[in-house]
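Q: Curious how this folds, go ahead:
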Amino acid sequence: FYGWWDWRFLFLIAFTSICSYAAGILIGKFRNQPKKAKAVNALNIVVNLLILGIFKYYDFFATAFADAFLGGKTEGLLLKVILPVGISFYTFQALSYSIDVWRGKIEPTKDVIQFFAYVSFFPQLVAGPIERATNLLPQFGRKRTFDYETGADGMRQILWGLFKKMVVADNCAVYVDRVFSAYQTQSGSTLLLAAVLFAFQIYGDFSGYSDIAIGTAKLFGIKLMRNFKVPYFSRDIAEFWRRWHISLTTWFRDYVYIQLGGSRCSKAKIVRNTFVIFLVSGLWHGANSYPDGQEQALQGHRGRREMAAFAEGSGTDAAYIRSRRFRMDHFQGGEYRRFMGGIQDHPVTFPPVRPGRFRDYRILIRHTHHAARRMASA
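A: The predicted structure is shown next:
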């Protein structure tokens, strides 16, 4: 399933899985040698977070460094590697296993197939929920038989998730994308409406994917944790965070916040702990507005819609060209500034897009890329 997107990233998820599997075995072996067990656990955490950080942030910080100190020149500086889909999810899921083994909450498994299934279980691999080894791993070792009621309930949840994603989120996105792509020219009331619709869009996207994953898992007799609990009906912000992306917030609570002292310490330390939680949460989500799973999943659909929207005209769509998305898609370093400086003298006519023709979208994207590079160097 994962290799269908890009088989080369199978080596990455396999390496992450092997590291955490081996760490669990070694931690169990050093059960009576706490210092060695702690060292193994720490090494596994560092290795996995280092891999995650390189893929998620290396090019981002390298580009920022080039803009600040090298005049935007990034030649030979960037890795230019696409962010592997779901890497944040399966990395945290693998880490929770080794940490729980170190804490003594679960015995290390010696069944490598069972462990790999735990890390790469396809329904929740790319968009969550982020499962715990204490819940998901033992389920792969039990004998399961198909239950009609559970299967029917799973199908209902899948349909409900599809409704959230395709009916609610995608239709809200049409208006939201149009407004935010040219927010400088919009009125306050229009921006406010777009912000409200964006709240529905982001909830429909995230919770919809989670419902599809949970429902699909039920078809296989696997029970995943609930990830959203009607968060917009919360009484306050604290309750909202307890109901939103539950698998992630509880992961940070159990493995970071409580380890720092939680709320059972001085006021200054509570503030520090809260600050650290929001900092690492922001780092986990990355430099984009979506976590990598949802961003990758939405990228094709939303990118083609944006391309089609500005391609309907006969000339340059200034709103799109001034948008952050255009800059991210087609430029590195200082190229965007050079492009904007010469755009008035280099008008562009984009090829038409026929509805439903993916090949046309690819041609359009390639045409836009070459036109942008040409104008940037002009």
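Q: Remind me which helix or strand the nearest residue to Val179 once chain neighbours are set aside belongs to.
A: Counting by Cβ to Cβ, 6 or more residues apart in numbering, Val179 lies nearest to Ala194, which is 3.9 Å off, once chain neighbours are set aside. Where C-beta positions appear, they are placed from N, C-alpha and C, glycine not excepted. When elements are assigned from DSSP states H and E, Ala194 belongs to helix 188-219.
Q: Now do the buried residues in the helix or strand that that helix is followed by.
A: Once helix 188-219 ends, the next helix or strand along the chain (criterion: DSSP H and E) is helix 237-243. Residues of helix 237-243 classed as buried: 241, 243 (neighbour count, 16 or more other Cβ atoms under 10 Å).
Q: likewise stretch 215-233?
A: 215-222, 224-225, 227-228, 231.
Q: what residues does it touch?
A: With Cβ atoms under 8 Å, 6 or more residues apart in numbering as the test, stretch 215-233 has contacts from 121, 123-124, 128-129, 131-132, 135-136, 139, 144-147, 150-151, 153-161, 199, 203, 206-207, 210, 213-214, 240, 242-247.
Q: tell me the phi and psi of the closest residue to Ser207 other than its chain neighbours?
A: Nearest residue to Ser207 in three dimensions, chain neighbours excluded: Phe228, at 4.0 Å (Cβ to Cβ, 6+ apart). Phe228 has phi and psi values of phi -140, psi 140 when expressed as degrees, to the nearest 10.
Q: Repeat that for Thr109.
A: phi -90, psi 140.
Q: what residues are up against it?
A: 21, 24, 115, 137.
Q: Which ones among these map onto helices?
A: The members of the contacts of Thr109 that map onto helices under DSSP state H are 21, 24, 115.
Q: my read: the first one touches Ile113, true?
A: Going back to what we said before, that points to Tyr21. No - using Cβ atoms under 8 Å, Tyr21 is not in contact with Ile113, being 10.6 Å away.
Q: can you pull the buried residues of the longest helix along the chain?
A: Ranked by number of residues, the top helix in the chain under DSSP H is helix 34-69. Neighbour-count burial for helix 34-69, counted by 16+ other Cβ under 10 Å, picks out 37, 40-41, 44-45, 48, 51-52, 55-56, 59, 62-63, 66-67.
Q: Which elements pack onto it?
A: helix 10-29, helix 87-103 (3 or more Cβ pairs under 8 Å, 6 or more residues apart in numbering; DSSP states H and E).
Q: from the middle of its chain, how far away would the last one be?
A: It stands for helix 87-103. In terms of Cα atoms, centre = their mean, to the nearest Å, the centre of helix 87-103 is set 17 Å apart from its chain centre.
Q: for the stretch 151-300 of the chain, what are the low-confidence residue spans?
A: Low-confidence segments of the stretch 151-300 of the chain, defined by pLDDT under 70: 287-300.
Q: coming back round to it: dump the buried residues of stretch 215-233 to TSV, plus distance to Ala94.
A: Shown next, in TSV, are the buried residues of stretch 215-233 (distance: Cβ to Cβ, whole Å):
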residue	distance to Ala94
Gly215	24
Thr216	21
Ala217	18
Lys218	23
Leu219	24
Phe220	21
Gly221	23
Ile222	18
Leu224	16
Met225	17
Asn227	18
Phe228	23
Pro231	27
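Q: hmm, back to that, which of the ones in helices among the contacts of Thr109 tops the neighbour count?
A: Gly24 (27 neighbours; other Cβ atoms under 10 Å).
Q: Now do the residue nearest to that residue when sequence neighbours are not counted: how many residues are near it, please.
A: Excluding the flanking residues, the one nearest Gly24 by Cβ to Cβ, 6+ apart is Pro108, at 3.8 Å. Residues contacting Pro108 under the criterion other Cβ under 10 Å number 21.
Q: Same check on Phe121?
A: Phe121 - counted by other Cβ under 10 Å - has 23 other residues nearby.
Q: can you check Asp147 too?
A: 13.
Q: List the contacts of it.
A: Counting by Cβ under 8 Å, 6+ apart, Asp147 has contacts Gly221.
Q: separation between it and Gly188?
A: 53 Å (Cβ to Cβ, to the nearest Å).
Q: thought Ile130 was touching Thr249?
A: No - Ile130 is beyond contact range of Thr249, at 10.0 Å (criterion: Cβ under 8 Å).
Q: The two: who's more crowded?
A: When neighbours are counted by other Cβ under 10 Å, Ile130 and Thr249 differ, and Ile130 comes out ahead with 24 against 18.
Q: Now do the same for that one: helix, strand or coil?
A: coil (DSSP: H, G, I helix; E, B strand; the rest coil).
Q: Now do the same for it: its pLDDT.
A: What the model reports as pLDDT for Ile130 is 91.
Q: re earlier: helix, strand or coil for the residue nearest to Gly24?
A: Classified using three-state DSSP, Pro108 is coil.
Q: so what's it up against?
A: Applying Cβ under 8 Å, 6+ apart, we find Pro108 in contact with 24-25, 27-28, 101.
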